[in-house]
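Engineer: Have a look at this fold, sequence not included:
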């Protein structure tokens, strides 16, 4: 028996036509869609404040105007977390839509993830597992909408239903978790955002298709895509996605803790990668919970500094703005000078640097009118060539995301079946506290030989992302010889040398030999999370590409092998 599960959304705002493409492009049993991220929860929380009937991903409802009938005609079940903060509301809206369309779709939803919110909290949600989804499907649901479940639960739930796995089928569940993690970000598994994209024929990644997984009863899976769609599924693209927003060998979730150090990837054929060997352990006794709150107000202005004396120009305008704000300074004032200028440049733009000022405060006036006056009144009184990319406006609210852990038994995980019956979902009967995995034995370093100073990315791929205020960077190579070099060369100390922003932060290195990969977590790099916009790249999406661009000494024979 094979369960074919596809994905049609990696985030709220992904390709609108993907639902239709996945339903019409080939065979499927279940179509999933991931719409929730940390920033999305904040957005939905603000929507819910304005309208108690809101709080879910409205894009999904529009996609179902066509997708509901297509799925019914093809016998495809739909499972999505688009319910956000109001899965019951989305379920009701889908029933209304099905009635108008004349589609006899049975709608169910999963709830219980919303936690009591304290003062100033817009949303507090526990990450649920897939058992509630499985209960809804077992009751005959054609569509299951959830709130905050883990991204992988969109796959583990259907797999539990289809194969009849019990809560202690750890290896099978872990295999489904790994497959779910590969699918959850959509086209990132088929070559989207892929470090080695230049090594493929032109046009390969112009419009990558969305991925699907063929799951087997033993928990193994084959990741592939519909015939004729763009992109590529190979060991590299799957490795990249496996490292995205993960950390060490134990990848914990509410259903199971998957051991990423046990994953085996095999190229089975064109656009077919087999995942097997995955081991699982009992899940931890607690559930991760995410909390979103308003952190205050922020504003920014970017000064353009052109030509000569860039540093002196930056000092002058910084001193002037500091003086102007001195009577009532904002709580936080941050300056960043980006030396994007080139000497003897052929265009004015390439002769210019950018000086970015960001201010934050609980009082919107301190970051609004006060900043506007301080910046714009200098137009005729500051450095030569003064101008800004855009005048600052009113202070805008920003969000803060943090995490906590709650006992699983305190979260009322509930499956609401198509007939309205409410079924409590029991917690796993066995749990296991998380503990670090000892570092595996490392291979012998390669023999000494000639080296060349080149960008790390000449032989190593990387993918990076965010988890709250922390960033992760996964780095991998494609051969055993390169792995012997990487695991000894890219230490925490060298990582900090290559990325100076991390020098004063806690950096942890995780070794994953089966993937020929190192995964680095950087604590606190992103401040209070993406919604706080604490840095130039607030989600650390390009942190890995910055690392790949940094120069280091690489053995010449590895460079020749890479070519």
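Structural biologist: In hand now; what should we look at? None of these values were measured; they are calculated from a predicted model. Numbers count the residues shown, from 1 in each chain.

Engineer: measure stretch 518-538 end to end?
Structural biologist: 22 Å (CA to CA, to the nearest Å).

Engineer: Quick check: mean pLDDT of it?
Structural biologist: Stretch 518-538 shows a mean pLDDT of 86.

Engineer: Just the buried positions in that stretch, please.
Structural biologist: Neighbour counts over stretch 518-538 (16 or more other CB atoms under 10 Å) mark 518-522, 525-535, 537-538 as buried. C-beta: built from backbone N, CA, C; applies to glycine.

Engineer: again with stretch 367-385
Structural biologist: Quick answer for stretch 367-385 (16+ other CB under 10 Å): 367, 368, 370, 371, 372, 374, 375, 378, 382, 383.

Engineer: elements contacting the strand ranked longest in the chain?
Structural biologist: If you go by DSSP state E, the chain has its longest strand at strand 286-306. Applying 3 or more CB pairs under 8 Å, 6 or more residues apart in numbering; DSSP states H and E, one finds that strand 286-306 makes contact with helix 38-50, strand 121-126, helix 310-324, strand 352-361, helix 364-367, helix 369-376, strand 387-388, strand 396-407.

Engineer: hey, which of these is tucked in deepest?
Structural biologist: Across those, the average number of neighbours (mean count of other CB atoms under 10 Å) peaks for strand 121-126, which reaches a mean of 23.

Engineer: Which strands or helices does the longest helix along the chain pack on?
Structural biologist: In the chain, assigned by DSSP state H, the helix with the most residues is helix 58-74. Where contact means 3+ CB pairs under 8 Å, 6+ apart, helix 58-74 is packed against helix 18-24, strand 77-80, helix 87-101, strand 143-145.

Engineer: Let me know which of these is the nearest to residue 327.
Structural biologist: helix 87-101 (47.5 Å; CB to CB).

Engineer: ok so, going back, which one of the buried residues of stretch 367-385 is nearest residue 409?
Structural biologist: Among the buried residues of stretch 367-385, residue 367 lies closest to residue 409 (CB to CB), at 43.2 Å.

Engineer: Please name the nearest non-neighbouring residue to the closest one.
Structural biologist: residue 395 (3.7 Å; CB to CB, 6 or more residues apart in numbering).

Engineer: Likewise for residue 238?
Structural biologist: Spatial nearest neighbour of residue 238, excluding adjacent residues (CB to CB, 6+ apart): residue 273 at 4.8 Å.

Engineer: Remind me which helix or strand that neighbour belongs to.
Structural biologist: Element membership of residue 273, judged by DSSP states H and E, is strand 272-276.

Engineer: Give me the sheet partners of the very next helix or strand once past that strand and which way each runs.
Structural biologist: Of the helices and strands lying after strand 272-276 in sequence (DSSP H and E), the nearest is strand 279-281. Next to strand 279-281 in the sheet, as set by DSSP bridges, lie strand 257-259 (antiparallel).

Engineer: What is whichever helix or strand comes after the strand it pairs with packed up against?
Structural biologist: Per DSSP H and E, strand 257-259 leads on to strand 264-269 as the next helix or strand towards the C-terminus. The contact analysis (3+ CB pairs under 8 Å, 6+ apart) places strand 264-269 against helix 235-243, strand 272-276.

Engineer: Just name the most buried of those.
Structural biologist: Buried most deeply of the helices and strands packed on strand 264-269, by mean count of other CB under 10 Å, is helix 235-243, with a mean of 25.

Engineer: For that helix, give the mean pLDDT please.
Structural biologist: The average of the pLDDT scores along helix 235-243 is 97.

Engineer: average pLDDT across whatever helix or strand comes next after it?
Structural biologist: Downstream of helix 235-243, the next assigned helix or strand under DSSP H and E is strand 250-252. Across strand 250-252, the average pLDDT comes to 97.

Engineer: Strand 250-252 pairs with which strands?
Structural biologist: Paired strands of strand 250-252, with direction, are strand 257-259 (antiparallel) (DSSP bridges).

Engineer: and the residue nearest to residue 307 when sequence neighbours are not counted, how many neighbours?
Structural biologist: With sequence-adjacent residues excluded and distances taken as CB to CB, 6+ apart, residue 307 is closest to residue 351, at 5.5 Å. Using other CB atoms under 10 Å, residue 351 is surrounded by 19 other residues.

Engineer: do the same with residue 435
Structural biologist: Neighbours of residue 435 (other CB under 10 Å): 7.

Engineer: Then residue 544?
Structural biologist: 28.

Engineer: Distance from the helix or strand hosting it to the middle of the chain?
Structural biologist: Using DSSP H and E, residue 544 sits in helix 543-549. From the chain centre to the centre of helix 543-549 is a distance of 17 Å (CA atoms, centre = their mean, to the nearest Å).

Engineer: so how far is the helix or strand following that helix off the chain centroid?
Structural biologist: Next along the chain after helix 543-549, taking DSSP H and E as the criterion, comes strand 551-555. The chain centroid and the centroid of strand 551-555 are separated by 30 Å under CA atoms, centre = their mean.

Engineer: Please give me every residue in contact with the residue nearest to residue 295 when sequence neighbours are not counted.
Structural biologist: Distance criterion CB to CB, 6+ apart; nearest residue to residue 295, sequence neighbours excluded, is residue 400 at 3.9 Å. By CB atoms under 8 Å, 6 or more residues apart in numbering, residue 400 lies in contact with 292, 293, 294, 295, 528, 529, 531, 532.

Engineer: Need those in CSV (columns: distance to residue 442).
Structural biologist: Formatted as CSV, the contacts of residue 400 follow (distance: CB to CB, whole Å):
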residue, distance to residue 442
292, 40
293, 43
294, 46
295, 42
528, 36
529, 34
531, 39
532, 38
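
Engineer: Looking at those, spot the one nearest residue 411.
Structural biologist: Once CB to CB is applied, the member of the contacts of residue 400 that ends up nearest residue 411 is residue 292, at 17.4 Å.

Engineer: ok, the closest one touching residue 43?
Structural biologist: No - in this structure residue 292 lies outside contact range of residue 43 using CB atoms under 8 Å: 9.1 Å.

Engineer: show me where the stretch 401-550 of the chain has strands.
Structural biologist: Ranges of strands in the stretch 401-550 of the chain, per DSSP state E, counting those that start in this stretch, are 414-416, 422-424, 451-455, 461-467, 470-476, 507-512, 517-522.

Engineer: neighbours of residue 472, just the number please.
Structural biologist: Around residue 472 there are 24 other residues, counting by other CB under 10 Å.
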